[in-house]
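In: Here's a sequence, model it:
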Amino acid sequence: MAPRLPLLRARAGMTLVELLAAMAIFLGLAGMILQVLGGGLDLWNAGEKSRSENERASALLDRLSAELRHLVAADGGEGAPRVRLLCDAVALDSDGDGTHDFRSQRLVFVRRLVEERAHPPLQRAGTWGAGDAPFLGAIDSPDARFQATEELVEEALVPQFDQRAGHEGRFILWRALKSPIGGPESLFALAAKDDGGLQGAALEPLAEHMLWFGVGLIDESVEDPSATPGDGKGPLVTWDSTRGVLPDGDGWTGFRHARGPVSLKDADDDVFPTAIRLSVIMADPPDQGPQAEIAGDLPATSGTARVDLLNGRYLRKLGATARYVKIGHEWAQAAESDGQSLVLVARGLWGTTPVVHLAGSKVLVGERFERTIPLPCGRSDLVARDVQRRRP
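Out: Residues are numbered from 1 along each chain as shown. Have a look, this model is predicted:
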């Protein structure tokens, strides 16, 4: 019988088809994992951005709320009232080209000098005699000598565009203080001499990396306090407690309760709102977040428009709630974004107009934060002449 040959053992291995199938499965699983991780990272980035904006907005609104709650309306002096409230619309140069192409609000008011409680130089104000200086917000020395304050201070909130390279489209909110109130160097007198910057006042930066600072003034004539300021039914965007500075009109162009120069020295008809609504939109510093750009030219259309994006992945998580975007100096309302494009449902918001934007223009996005502050000094017309004046 012939001897049996030993069986050859099969060599372990994979065919090319099996290898390709395994690689396809591996790549598919890796893609799914990366997609899940990418979505989670997008959510985390969106959450961190929202948290940062929320913290900075809350800190600013807390500070301003505390100051506005000490707003006063009464003035014991004679003649033209020193205690006033002025909110006017000022024209700003958004890009430094010398053209005023953006409208914003400036708020000037009088409040209690709460700083006096914590600073001995203010507590001793008016006791030194000649040579005392007005209090302008800074106390450089514990031996500083200030004029008598009457426990009142004028305050101005002035938004100005950030002119630093790379910070285009962002605001810096400046604040000015002056005590004693009134006189030729009053903040109200300085506001009447210029159209935006409050030239001559000692301004200090209060907040930066802002996209918007808005004021809504609520009084008894407002039909819908929850409406957008300046739309005819919502809070007013201008206010002049003396009724003699701003012209008669609605919205950004005038004050609904204006009377004319004859009202300047008539303290009986001075009016103050019952509440003030502050609105802010914060932005990340330019070097701390991605910067989306429009991929093509955006025409000056007023209706719904879709614009293609570059580096717009982070905009995918805007959510169902409407957000606001700033392209150049124009504000628009965004409905949705898939990261590749952005749908604009309303343009030319908040005192801006639709204009042409060239490819490469930055898209700045921010969430709007609001705070309504009831005022302790709301004051209606004491002589009730509004109905007669507006009667046809």
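In: Doesn't R111 lie inside a helix?
Out: No - looking at R111 with DSSP: H, G, I helix; E, B strand; the rest coil, it is strand, so not inside a helix.
In: For it, give me the pLDDT.
Out: Per-residue pLDDT puts R111 at 94.
In: Help me confirm that it comes into contact with E155.
Out: Yes - with contacts counted by C-beta atoms under 8 Å, R111 reaches E155, the gap being 6.0 Å. C-beta coordinates here come from the backbone N, C-alpha and C atoms, glycine included.
In: tell me which element E67 falls in.
Out: Under the criterion of DSSP states H and E, E67 resides in helix 16-68.
In: ok so, going back, quickly list what's touching both of R111 and E155.
Out: Taking C-beta atoms under 8 Å, 6 or more residues apart in numbering as the contact rule, R111 and E155 both touch E67.
In: does the residue lying closest to L64 once chain neighbours are set aside have beta-bridge partners, and which?
Out: Spatial nearest neighbour of L64, chain neighbours left out: L278 (5.9 Å); criterion: C-beta to C-beta, 6 or more residues apart in numbering. Judged by DSSP bridges, the bridge partners of L278 are V215, R371.
In: Contacts only, for G234.
Out: G216, V222, E223, D224, P225, S226, A227, T228.
In: could you pull out the helices for the stretch 101-250 of the chain?
Out: Assigned by DSSP state H, counting those that start in this stretch, the stretch 101-250 of the chain shows helices spanning 120-123, 187-193.
In: hmm, back to that, residues contacting the residue nearest to L64?
Out: For L278, the contact set (C-beta under 8 Å, 6+ apart) comprises L61, L64, S65, L68, F213, G214, V215, G216, E370, R371, T372, I373.
In: And it, how far from I373?
Out: 7 Å (C-beta to C-beta, to the nearest Å).
In: Kindly report the same for D287.
Out: Computed with C-beta to C-beta, the distance linking D287 and I373 is 34 Å.
In: Below-threshold pLDDT in the chain: ranges please.
Out: Within the chain, the stretches with pLDDT under 70 are 1-14, 35-51, 76-79, 93-101, 128-131, 231-232, 289, 317-322, 381-392.
In: so what are the domain limits for it?
Out: Domain assignment of the chain by automatic domain parsing yields the ranges 69-113+149-274+375-390, 290-367.
In: can you list the ones you listed in a markdown table and add distance to P134?
Out: Shown next, in a markdown table, are these (distance: least, C-beta to C-beta, whole Å):
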| stretch | distance to P134 |
| --- | --- |
| domain 69-113+149-274+375-390 | 6 |
| domain 290-367 | 33 |
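In: of those, which approaches L16 most closely?
Out: Judged by C-beta to C-beta, the one of the domains of the chain that comes nearest to L16 is domain 290-367, at 37.3 Å.
In: can you count the residues close to G303?
Out: Look at G303: counted by other C-beta atoms under 10 Å, it has 9 neighbours.
In: Report the secondary structure state of it.
Out: G303 is classified as coil under three-state DSSP.
In: how close does it get to V356?
Out: 15 Å.
In: likewise G166?
Out: According to C-beta to C-beta, G166 and V356 sit 23 Å apart.
In: could you list every residue that touches the residue lying closest to L68 once chain neighbours are set aside?
Out: Closest residue to L68 apart from its sequence neighbours, by C-beta to C-beta, 6+ apart: I373 at 4.8 Å. I373 is in contact with L64, S65, L68, R69, A275, I276, R277, L278, counting by C-beta under 8 Å, 6+ apart.
In: 7 Å instead, please
Out: Applying C-beta atoms under 7 Å, 6 or more residues apart in numbering to I373 gives the contacts S65, L68, R69, A275, I276, L278.
In: For the residues you listed, work out which two are farthest apart.
Out: Those two in these that are separated most widely, counting by C-beta to C-beta, are R69 and L278, at 12.1 Å.
In: Now do P205: how many residues are near it, please.
Out: For P205, the tally of surrounding residues (other C-beta under 10 Å) stands at 11.
In: pretty sure it contacts D162?
Out: No - counting by C-beta atoms under 7 Å, D162 is not a contact partner of P205; they are 9.9 Å apart.
In: Are there residues contacting both of the two? Which ones?
Out: Counting by C-beta under 7 Å, 6+ apart, the shared contacts of P205 and D162 are I172.
In: hang on, the earlier thing: highest average neighbour count across the helices of the stretch 101-250 of the chain?
Out: Sort these by mean neighbour count, taking mean count of other C-beta atoms under 10 Å, and helix 187-193 sits at the top with a mean of 18.
In: Give me the contact list for that one.
Out: Contacts to helix 187-193, defined as C-beta under 7 Å, 6+ apart, come from residues 84, 86, 106, 108, 154, 156, 176, 178, 198-201, 245.
In: Would you format the residues you listed as a markdown table with distance to M23 and neighbour count included?
Out: What follows is the contacts of helix 187-193, written out as a markdown table (distance: C-beta to C-beta, whole Å; neighbours: other C-beta atoms under 10 Å):
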| residue | distance to M23 | neighbour count |
| --- | --- | --- |
| R84 | 76 | 26 |
| L86 | 72 | 21 |
| R106 | 65 | 24 |
| V108 | 70 | 23 |
| E154 | 74 | 28 |
| A156 | 68 | 21 |
| A176 | 68 | 22 |
| K178 | 74 | 23 |
| L198 | 68 | 22 |
| Q199 | 70 | 11 |
| G200 | 73 | 13 |
| A201 | 70 | 24 |
| V245 | 76 | 20 |
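In: From these, pick the one nearest C377.
Out: Using C-beta to C-beta, the contacts of helix 187-193 come closest to C377 at R84, 11.9 Å.
In: Let me see the contact set for the spatially closest residue to the closest one that is not a sequence neighbour.
Out: In space, and not counting its chain neighbours, R84 is closest to S241: 4.9 Å by C-beta to C-beta, 6+ apart. Contact partners of S241, counting by C-beta under 7 Å, 6+ apart, are R84, L85, D270, V271, F272.
In: Good, we can wrap up now.
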